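Asker: Provided below are the primary sequence and the corresponding predicted coordinates.
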Amino acid sequence: MRALLTSLKALAPAPIKRAWRRFRTSPPAPAQPERGRSDETGAISAPPELWHLVGAADADFIRVGQGFKSLFLDAGLKPHHALLDVGCGIGRAAAPLVDYLDENGRYAGFDVMSEAIDWCRANIAVGDPRFEFLHADMHSDRYNPGGTQPASAYIFPYPDASFDYVWLGSVFTHLLAADQAQFAREIERVLRPGGVSIISWYLIDDEARANAGEGRAAFDFAHALDGCWTATPDLPEAVIGYDLQAVRDQYEALGLDVLNQALGVWRREPLQDQDIIIARKRA
Ligand SMILES: C[S@@+](CC[C@H](N)C(=O)[O-])C[C@H]1O[C@@H](n2cnc3c(N)ncnc32)[C@H](O)[C@@H]1O
């Protein structure tokens, strides 16, 4: 190649030779940050004005996403794995996986909020076949009041046994019981045998009940619904809790063996950190 360029240059008349020299010595144009990536760190981040869509408006996108990634890695996620992110929001979990998953790895996320999915599609791993974001137009009083499909009948648009990991970050904390039960069946279906679910919850146990009455817990799940509880009766899907034992029974019935149950401090302090259950589908 170099020999070819040298010989082409030798053939050029003088003005072209000068231009060639300028061309050869001019510094490379500064690289434009990829869409969605911040100039300073190169990390992908949604603009702060979108953060309110997925909870606390001051919860930093990059820091929260790195926390999710650590959780996945601790649970055994490898670069070649396929992960489904149910209720992916503005892609806080997707962003740190762009540089982690290898060419065999795969990420799929879906959400009821079209604004969030539009942002993900336009800014995270654009044109990268490993990443897919889907708008699912399910009804949610809290997140998609105009949605047309009931979540209680939604079939995840993926084949059986197609994911190594399924992640739900603060999604079952917003689903009514019939919707949650359908999603749990679908999670089991799309996980491959030996695959792992990582799900956050508000799980109501004796401590949560006792402290709620005393005003110490972050939420008082005092309002019974059909199969779950809400702390916000005016808009039930704003905060939903489930009985811990009923949830454990559901995992057992679905053939998902609980590997780890980490109970959050929300039950004893006014902090919203959630409970997390990691479970493996029986092989
Ligand atoms: C608190 S946000 C968490 C978003 C994301 N998992 C994260 O941690 O950044 C709850 C998300 O659940 C989504 N959601 C609510 N109901 C849903 C449903 N039936 N199916 C899929 N996503 C849903 C909301 O649109 C919202 O993005």
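Answerer: Nice, I can see it. Since this is a predicted model, take the numbers as computed values, not measurements.
Asker: near the ligand, which residues of the stretch 51-200 of the chain show up?
Answerer: With CB under 6 Å from any ligand atom as the criterion, the stretch 51-200 of the chain meets the ligand at residues 54-55, 86-89, 92, 111-113, 116, 136, 138, 140, 143, 151, 169-171, 174, 179. C-betas here are computed from N, CA, C, even on glycine.
Asker: filter the residues you listed down to the ones in helices?
Answerer: Judged by DSSP state H, helices contain the following of these: 116, 179.
Asker: mind checking how far the closest residue to Cys228 other than its chain neighbours is from Ile204?
Answerer: Among residues not flanking Cys228 along the chain, Ala177 sits closest, at 4.5 Å (CB to CB, 6 or more residues apart in numbering). Separation of Ala177 from Ile204 (CB to CB, to the nearest Å): 13 Å.
Asker: any residues in contact with both of those two?
Answerer: Tyr242 (CB atoms under 8 Å, 6 or more residues apart in numbering).
Asker: the residue nearest to Cys228 touches Asp226, doesn't it?
Answerer: Yes - the criterion here is CB atoms under 8 Å, and Ala177 meets it with Asp226 at 5.8 Å.
Asker: so those two - more neighbours on which side?
Answerer: For Ala177 and Asp226, the more surrounded residue by other CB atoms under 10 Å is Ala177, and the numbers stand at 16 against 7.
Asker: before we move on, back to that, buried subset of the residues of the stretch 51-200 of the chain next to the ligand as a ChimeraX selection?
Answerer: Selection command for ChimeraX covering only the buried members of these, criterion 16 or more other CB atoms under 10 Å:
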select :54,86,87,88,89,92,111,112,113,116,136,138,140,143,151,169,170,171,174,179
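Asker: so of the residues of the stretch 51-200 of the chain next to the ligand, which ones are in strands?
Answerer: Of those, the ones assigned to strands by DSSP state E are 86, 111.
Asker: ranges for the strands of the stretch 51-200 of the chain?
Answerer: 82-86, 106-111, 131-135, 163-168, 191-201 (DSSP state E, counting those that start in this stretch).
Asker: of those, give the one that comes closest to Ile44.
Answerer: Nearest to Ile44 among those is strand 131-135 (11.0 Å), distances taken as CB to CB.
Asker: where along this structure do the helices fall?
Answerer: 2-11, 14-25, 61-74, 114-123, 177-190, 206-214, 244-254.
Asker: of those helices, flag the one that's most buried.
Answerer: Mean neighbour count, computed with mean count of other CB atoms under 10 Å, is highest for helix 177-190 among those, reaching a mean of 19.
Asker: now it: average pLDDT?
Answerer: Taken as a whole, helix 177-190 has a mean pLDDT of 98.
Asker: contacts only, for Ile83.
Answerer: Not Ile; residue 83 is Leu. Here Leu83 is in contact with 72, 77, 97, 101, 105-108, 163-167 (criterion: CB under 8 Å, 6+ apart).
Asker: and the residues you listed, which is closest to the ligand?
Answerer: Comparing the contacts of Leu83 against the ligand with CB to the nearest ligand atom places Trp167 closest, at 7.8 Å.
Asker: do I have it right that that closest one meets Leu77?
Answerer: No - here Trp167 does not reach Leu77: they are 9.2 Å apart, not a contact under CB under 8 Å.
Asker: and the two? Which one has more around it.
Answerer: Trp167 (26 against 22).
Asker: give me the pLDDT for the more buried one.
Answerer: So Trp167 comes in at 98 (pLDDT).
Asker: for this structure, name the helix or strand with the lowest mean pLDDT.
Answerer: Counting by mean pLDDT, DSSP states H and E, the chain has its least confident helix or strand at helix 2-11, which shows a mean of 36.
Asker: buried residues in stretch 138-150?
Answerer: Buried residues in stretch 138-150 (16+ other CB under 10 Å): 138-140, 143-144, 147.
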